[in-house]
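**Q** take this sequence and fold it.
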Amino acid sequence: MLDFTTKFGRRVNRRLRQEQIIWLTTVDSNNVPLPRPVWFHWDGETLLIFSEEDRAKIRHIARNPKVSLNFNTDEEGGDVAVLVGKARVLEEPPPQTRVKAYLRKYKKGLKDLGMTSAAFTGSYSVPIVVTPKDMRGF
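**A** Below you'll find the model as predicted:
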């Protein structure tokens, strides 16, 4: 369980609630870590990420569910926050309330991309849930 009662934990929790982008790092079949920026929704326990079908991250998670997530640092390289956990591709859609919260969070981002919510959910139809087990940073 993550400790969000410390000063660092409170800062990470705030960023999980407010940030738009997090870097998801998976490991390929050659044990090469591959980070990529993703949109996410934090519900206080897990992160929900959506992917297009047949993407490398889905294959990586199937082989090795261990992932890390990190935020961008500040301009001086501070405000480092890294989460380590396990990812799983969901067989069933997540609860509709969570999908709606995700889409609400990215309403402006979708508009900027010229996408509707329906177009997004049609293209990014593979839900991934990450359960963080540890966090580190400064």
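**Q** kindly check the end-to-end length of stretch 26-40 for me.
**A** 15 Å (Cα to Cα, to the nearest Å).
**Q** may I see the buried residues of that stretch?
**A** 26-27, 38-40 (16 or more other Cβ atoms under 10 Å). Every residue, glycine included, has its C-beta placed from N, CA and C.
**Q** residues contacting it, please?
**A** Identification of contacts with stretch 26-40 by Cβ atoms under 8 Å, 6 or more residues apart in numbering yields 20-25, 47-50, 56-57, 60-61, 63-64, 66-70, 87, 102, 105-106, 109, 130.
**Q** ok, back up a step: among the buried residues of stretch 26-40, which pair sits farthest apart?
**A** 27 and 39 (21.1 Å; Cβ to Cβ).
**Q** center of the chain - which residue?
**A** residue 40 (4.2 Å; Cα atoms, centre = their mean).
**Q** avg pLDDT for the longest helix seen in the chain?
**A** Criterion DSSP state H: the longest helix present in the chain is helix 7-18. For helix 7-18, mean pLDDT rounds to 97.
**Q** helices or strands up against it?
**A** Here helix 7-18 touches strand 81-89, strand 126-137, going by 3 or more Cβ pairs under 8 Å, 6 or more residues apart in numbering; DSSP states H and E.
**Q** relative orientation of it and strand 126-137 in degrees?
**A** 160 degrees (axes from the mean of the first three to the mean of the last three Cα atoms, to 10 degrees).
**Q** would you map the strands across the protein?
**A** 22-27, 33-38, 41-42, 47-51, 66-70, 81-89, 126-137 (DSSP state E).
**Q** from the centre of the protein, point out the most distant residue.
**A** Outermost in the chain, Cα atoms, centre = their mean: residue 76 at 23.8 Å.
**Q** quick check on that one: phi, psi?
**A** Main-chain torsions, residue 76, degrees, to the nearest 10: phi -90, psi 0.
**Q** and the pLDDT at it?
**A** Reported pLDDT for residue 76: 93.
**Q** ok, residue 1 next?
**A** The predicted local confidence for residue 1 is 75.
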